[in-house]
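Could you work out the structure for the sequence below:
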Amino acid sequence: MDQTVVDEFVVLNDKGIHARPSAEIVKCVCASKSKVTLQMGGLRANGKSILDVLALSAACGSRIRVEAVGPDAEQVVAELLELARDMFGVYY
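The predicted structure is shown next:
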């Protein structure tokens, strides 16, 4: 049965969500069976589309709302929040 999970994170890395963090987000979401949407202000992005994620142009300090709908929604949201806490694995 599908579940809906909503949470949010703050972008911690200095350069925001650029190409490498976007790729990590998409890699995480594509491994999921759930539909994941990221939202910043009035902008919405399909979590499985690197172009959508990049188009958010999320800078450091941006608040991103994550909504996942599907059988593994809770798991994918938890993984995305952990990625954000880990600054998407990008260190400068």
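
How is K15 assigned, secondary-structure-wise?
Under DSSP: H, G, I helix; E, B strand; the rest coil, K15 falls in the coil class.

Might you report the residue contacts of V69?
Neighbour list for V69: 2-4, 34-35 [criterion: Cβ atoms under 8 Å, 6 or more residues apart in numbering]. Bear in mind the C-beta positions are built from the backbone N, C-alpha and C, glycine included.

Repeat that for S22.
Contacts of S22 by Cβ under 8 Å, 6+ apart are 50, 53-54.

which ones among the contacts of V69 are found in strands?
3-4, 35 (DSSP state E).

how many neighbours does S57 have?
Using other Cβ atoms under 10 Å, S57 is surrounded by 12 other residues.

Name the SS class of it, please.
Following three-state DSSP, we place S57 in the coil state.

pretty sure it contacts G16?
Yes: the criterion here is Cβ atoms under 8 Å, and S57 meets it with G16 at 7.4 Å.

just to revisit the earlier point, who wins for most neighbours among the ones in strands among the contacts of V69?
Within the ones in strands among the contacts of V69, K35 tops the neighbour count with 17 neighbours, counted by other Cβ under 10 Å.

and the gap between that one and H18?
Using Cβ to Cβ, to the nearest Å, K35 is found at 24 Å from H18.

still on that earlier bit, go through the contacts of S22 and say which is closest to E74.
V53 (20.7 Å; Cβ to Cβ).

how about that closest one, what does it touch?
17, 22, 25-26, 38, 45, 47.

Could you list the low-pLDDT ranges of the protein?
Scanning the chain for pLDDT under 70 picks out 91-92.
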